[in-house]
Structure formats: C-alpha cells, structure tokens
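Peer 1: coords please:
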Amino acid sequence: MAKKKPSNNTSSRRSSKVNVDRLPVWSAPQAQTESIDNFESPEDLALPMTTGRMLASVPSSGAEAFQTTLREVQGKCGMKDICHSHDFDGAMDLNQADQAEIAIFDDLSVAVLSTADPDQERALVRASRSSGLILEAERWNYSQDGFEEDLIPREPERFDPGSLETQLDYLKGYRDGITKVIRKLEEREQHESFQGGFQEAANFFDSSDATWGLQATGVLGTMLSGTGTKIAVLDSGVHMGHPDIQSREIPIATETFIPDRVLDRFRNVITLDDTNADSDVSGHGTHCIGTAAGTKTPLSGARYGVASGAEVFSAKVLSVIPGQTRAAGTDQWIMAGMEAAIKRGCNIISMSLGSRVARGVGHSTSYQKIARDALNRGILIFAAAGNDSRRDAFRPRILPVSSPANCPSILAVGAVVSQTSASGVHRLAPFTNRFLNTGGGEVNFCAPGFNVLSSHVSSQIKKLSGTRQATPHVTGIAALVREDKNLDGLPLFHELVKRSKKQGHFDDYGRGLIHV
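Peer 2: Next comes the predicted model:
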C-alpha cells in the first residue's frame, strides 16, 4: 500500500463503535436480520451484517461543499482523528483509515465515520440533521456464488399431515421436483448427442472451442478484443500464478485494500492472512477476471475469456476471513478500490459482490453518489444483482436486487442458464434477484451465470454459478463495444441496450441478454 505523507496528527484505535439501531430512520438503511446465505442463520456468521461504522455523504453537493459540511459536523461532534485519501501518495492505507474517527475519500466525496462514545454519536446525528449530511450503516459485502443443486427443491422443514393445504403444497412440490428431474435428464440426453453449434431448441453447451456463455453472447463471432479499454475488477484478488493469467499479453495490475485486522460479531480482533493482492484464496476474483478478460488461448483449450485485449486492474477488496470459506469486505474497502480504479483511469468497473437487501429498503446514498459522479466522467459500473432468491425451491422466495447493484447509477446484472425455449428465450437462473424496490433496484441486463467455466485456484479451471459470474460477461462485452464504437458512459450504456436481446419480463431480465 502507499505510504502516508508525514503528518502531525496522531490517532488511536477506537474500541467502541456506532450503535446503528439508534440512528434516525431517515439516515440509516434498515438493519439486516437475514443472513447472506439461505442455509445459514446470522449466528453462524463470523461477521455481523454491519460494521458499526457509518458512511457519510451529501448527495447534491460537490467536493468542496462536502468538505465544508464535514468540517462543520466534525467541529460539533469533537471528532479529531482524520485520515484523507489525499494524504497518501497512492491509494488510502486501510490500516490507518481503520484507526481514524473520520476516513475521507477525497476524490469520491464520501467518508466513513466511527464515534468513540454514545454522547458523541448523538451529537453526530444531531449535527447531520442540521447540515444535510446523510448517514447510513456500513455493511459487509460477500462474493457468494449460486448453488448448483438449487434446481431440485428441498423437502419442507415442517409437515403437518392433518392440514389439507399443507398436503396440497407438499404434492405440488413433489410434482415440481419430478418435473425438474425429468428436465435435467432430458438436458443430459441432449448434451450426450450434441455434436457442436446449437440445436433447434437453441440450448447452449460448452464445446472444445469455447464456453456456452461466449457462444450465447456472440463473442465468438467478433474480432474485437477490448483493446484500449481499462477494466477494474473489484473482488478477492487474482491468482497471478495461474498459467492462463500469466499468458495474457497485457499483464494485470494489482493492488490490495485489505487491512491487517477486523472485528468479528463478538468484537474480537481477527488477524487477516488473505491480504496479498497477487493471491486469491477463494478463487472468486480469478474466476471473474478470467471471464471478463481471459486469454483467447487458455491451456485447457476451450476459450472462456471475453475481452482478451483489455487492460485489467485487479483491486483486492474482499478477503477470506479465517474460519470462513467465502470472501468478504466492508464498504470502506470497496470504496477504496473504486477510488483507486477511477484514479487509474479505468473505463469500466466490475463488482461481483454485494449484500442482501430486504423489501422496501432503498439504495445506498454513498454508493449512488460515487456511481453518479463516475458516470458523469464516462465510467460505467456493473454489479451483480444478487443470488438470494430461490425460485425453484419447495417454498419459492424472490428477493430484491442487492446492494450496491440497486443504485440507479450502477448497472445490475442478472443470470440466465444455457437452457432456452423453442423461441430462444433463456431460462432465468433460479437464484437471481428481481426488481422489487423502487427508486433504483432494477435489473439492467442479464448474462450467462450458470455453470460458467473460467480460471480458478483450486483447479486450473472450474465451473461456478451466480450473478457474480454473469457480471464479468457483461463487463467484457462492454469493453468490446467500447472498442468498436469508441463510446463511454451513458452513450456506451445506450449502445449496450441496443445490442441486448429481449428475453422475458423486464423485472427479471432487464433489457435482456447482453450480446456483442
């Protein structure tokens, strides 16, 4: 990380954090009571849903007005330990930012606040009300994938044989389960008889030449490679030792935004060991980079990368917490990566990460501020719509687009599977979230996100499923279109809309399947 410039200010770690429950309703998002994973309870997670810190922004102001407002609030609350991103030669050092009462991302006009005691917290809330500063809880974000077994419904947890309604539900679930098993057997039969290309039903399969995702999106039919475009992938890092990563003609730039320590849900200090920018313990970031911009000639033979000629900046903003299997990261880490990507001149930012959002909960004001300003500078930001839904389960449930993809200025990507109808409409992945919350929160595009083959750590290549796998498909295609049309920002978005093939309902598919 970059070294901090000499300063006379001293700082110390704050042991007490903000009680989010005491924040006013108008300034904090609804507390998350559900876990990130449907098969876990919140008590099973090492980390809380929120960090205890707050994000602060003034949506309608510029950088100078934001700094003025923050100084006003700071003076009223007696907050003295301040860390500016401009204090560093490069990106902000998250170890020093974590110790400060106020960590300011100067280029983003967003800050992360941490109060030392309840009285200071109350003073902060009062000052924010009078100044127009918007406060919201800082969240943990995850890089969870979809589940390959979610096409087969689980048996209900409770079954009352005396209830006719329950019996009917059970029989319907049994019928649906049998139907899905038959469907999977039919798919296997089609796959075994497949000789290449695609069949009349337009089902796509991985071939010896390329993955089904590249076939379905028309990538194989173009000579474009994304040359001249800088892509930032904010994820769990990249396994630089992977042979397909090493064989890229354009080396990948890397940087880490992971501090040395975090607090678990019991306020215990956890020392992080997954902090190296050139390693990827979970394999998730390596998989996403492989899809978005992998080499045209991987050692495995089958091509899986979309924009092989694009420049890639891998910002490590997620880390595998000891004792956990998935990578996680705070909003502060992610925003540090976003600021660095903007400073590096990246044209497209890809974020296959997020946190669950309940119905009726709005988008993050801070993320929207960052994304809107980035869009005005010609930068498109894509994020995964989320994998929290279970459309094919015994008791189906559909959740809203997750954060930060639910921001109006961030493009949310849903996932489809390779199976299509006779008319060529792809079936929606059963885990993908839906447009349910107004004021943002819509799905913008959909892309291949089921059994996606790409580079990984645990093996040379691996199949993963999720909207996290659909997002890098769209990221790579945006780089191809940018090279073709020399467009940025909103004009590039409108061109992507033109190249999208309508699938189903807008709330589920957005503008449709993104296509070169």
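
Peer 1: what about the helices in the stretch 401-516 of the chain?
Peer 2: Ranges of helices within the stretch 401-516 of the chain are 467-485, 489-498, 506-509, based on DSSP state H, counting those that start in this stretch.

Peer 1: Out of the ones you listed, which gets nearest to Arg372?
Peer 2: helix 489-498 (11.1 Å; C-beta to C-beta). Just so you know, the C-beta spots here come from the backbone N, C-alpha and C atoms, and that holds for glycine as well.

Peer 1: Tell me which other helices or strands the closest one touches.
Peer 2: For helix 489-498, the elements it packs on are helix 365-376, strand 380-384, helix 467-485, judged by 3 or more C-beta pairs under 8 Å, 6 or more residues apart in numbering; DSSP states H and E.

Peer 1: so which of those comes closest to Asp273?
Peer 2: Closest among the helices and strands packed on helix 489-498, using C-beta to C-beta: helix 467-485, at 23.1 Å.

Peer 1: mind giving me CSV with the helices and strands packed on helix 489-498 and columns for mean pLDDT and mean neighbour count?
Peer 2: Shown next, in CSV, are these (pLDDT from 0 to 100; neighbours: other C-beta atoms under 10 Å):
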stretch, mean pLDDT, mean neighbour count
helix 365-376, 97, 22
strand 380-384, 98, 29
helix 467-485, 98, 28
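
Peer 1: closest to Ala302 out of these?
Peer 2: Nearest to Ala302, of all those, is helix 467-485, at 15.3 Å by C-beta to C-beta.

Peer 1: and that closest one, how far from the chain's centre?
Peer 2: Distance of helix 467-485 from its chain centroid, counting by C-alpha atoms, centre = their mean, to the nearest Å, is 15 Å.

Peer 1: what angle do it and helix 489-498 make?
Peer 2: With axes from the mean of the first three to the mean of the last three C-alpha atoms, to 10 degrees as the basis, helix 467-485 and helix 489-498 are set at 110 degrees to each other.

Peer 1: got the angle for helix 467-485 vs strand 380-384?
Peer 2: Using the same axes, to 10 degrees: helix 467-485 against strand 380-384 is 160 degrees.

Peer 1: With only the CA atoms kept, save helix 467-485 in PDB.
Peer 2: The C-alpha coordinates for helix 467-485 follow below in PDB (Å, rounded to 0.1, in the frame of the first residue of the first chain):
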ATOM      1  CA  THR A 467     -25.000 -13.400 -10.900                       C
ATOM      2  CA  ARG A 468     -21.400 -12.900  -9.800                       C
ATOM      3  CA  GLN A 469     -20.400 -14.900 -12.900                       C
ATOM      4  CA  ALA A 470     -22.900 -13.100 -15.200                       C
ATOM      5  CA  THR A 471     -21.400  -9.700 -14.300                       C
ATOM      6  CA  PRO A 472     -17.900 -10.200 -15.800                       C
ATOM      7  CA  HIS A 473     -19.600 -11.400 -19.100                       C
ATOM      8  CA  VAL A 474     -21.300  -8.000 -19.400                       C
ATOM      9  CA  THR A 475     -18.100  -6.200 -18.300                       C
ATOM     10  CA  GLY A 476     -16.100  -7.900 -21.100                       C
ATOM     11  CA  ILE A 477     -18.800  -7.200 -23.700                       C
ATOM     12  CA  ALA A 478     -18.900  -3.600 -22.700                       C
ATOM     13  CA  ALA A 479     -15.100  -3.400 -23.400                       C
ATOM     14  CA  LEU A 480     -15.600  -5.000 -26.900                       C
ATOM     15  CA  VAL A 481     -18.400  -2.500 -27.700                       C
ATOM     16  CA  ARG A 482     -16.300   0.400 -26.400                       C
ATOM     17  CA  GLU A 483     -13.500  -0.600 -28.800                       C
ATOM     18  CA  ASP A 484     -16.000  -0.900 -31.700                       C
ATOM     19  CA  LYS A 485     -17.900   2.400 -31.200                       C
END
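
Peer 1: ok, back up a step: just put the helices of the stretch 401-516 of the chain in JSON lines and tack on distance to Thr69.
Peer 2: As requested, the helices of the stretch 401-516 of the chain are arranged in JSON lines below (distance: least, C-beta to C-beta, whole Å):
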{"stretch": "helix 467-485", "distance to Thr69": "34"}
{"stretch": "helix 489-498", "distance to Thr69": "27"}
{"stretch": "helix 506-509", "distance to Thr69": "37"}
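
Peer 1: Any idea which of these gets closest to Arg122?
Peer 2: Judging the helices of the stretch 401-516 of the chain by C-beta to C-beta, what sits closest to Arg122 is helix 467-485, at 39.1 Å.

Peer 1: And Gly440, what's its pLDDT?
Peer 2: You'll see Gly440 listed with a pLDDT of 87.

Peer 1: Could you report the separation of it from Cys446?
Peer 2: Gly440 sits at a distance of 18 Å from Cys446 (criterion: C-beta to C-beta, to the nearest Å).

Peer 1: Who has more neighbours out of these two?
Peer 2: Using other C-beta atoms under 10 Å, the more surrounded residue of Gly440 and Cys446 is Cys446, with 31 against 22.

Peer 1: list the contacts for the more buried one?
Peer 2: 413-416, 426, 428, 432, 470, 503, 508-510, 512-514 (C-beta atoms under 8 Å, 6 or more residues apart in numbering).

Peer 1: what's the answer for Gln368, then?
Peer 2: The contact partners of Gln368, taken as C-beta under 8 Å, 6+ apart, are Pro59, Cys407, Pro408, Ser409, Ile410, Gly440.

Peer 1: Now render the helices and strands packed on helix 489-498 as a markdown table, adding distance to Ser421.
Peer 2: Formatted as a markdown table, these follow (distance: least, C-beta to C-beta, whole Å):
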| stretch | distance to Ser421 |
| --- | --- |
| helix 365-376 | 34 |
| strand 380-384 | 25 |
| helix 467-485 | 19 |
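
Peer 1: before we move on, the earlier item: looking at the contacts of Cys446, spot the one nearest Lys485.
Peer 2: Taking C-beta to C-beta as the measure, Lys485 lies nearest Ile514 of the contacts of Cys446, at 14.6 Å.

Peer 1: Tell me how far the closest one lies from Val320.
Peer 2: From Ile514 to Val320 the distance is 30 Å (C-beta to C-beta).

Peer 1: out of those two, which sits in the more crowded spot?
Peer 2: Ranked by neighbour count (other C-beta under 10 Å), Ile514 and Val320 place Ile514 first, with 30 against 21.

Peer 1: Verify the stated contact: that one with Leu496.
Peer 2: Yes - counting by C-beta atoms under 8 Å, Ile514 touches Leu496, with 6.3 Å between them.

Peer 1: Mind listing the shared neighbours of these two?
Peer 2: Phe445, Val474, Ile477.

Peer 1: Dump these to CSV, plus distance to Thr420.
Peer 2: Shown next, in CSV, are the shared contacts of Ile514 and Leu496 (distance: C-beta to C-beta, whole Å):
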residue, distance to Thr420
Phe445, 17
Val474, 19
Ile477, 19
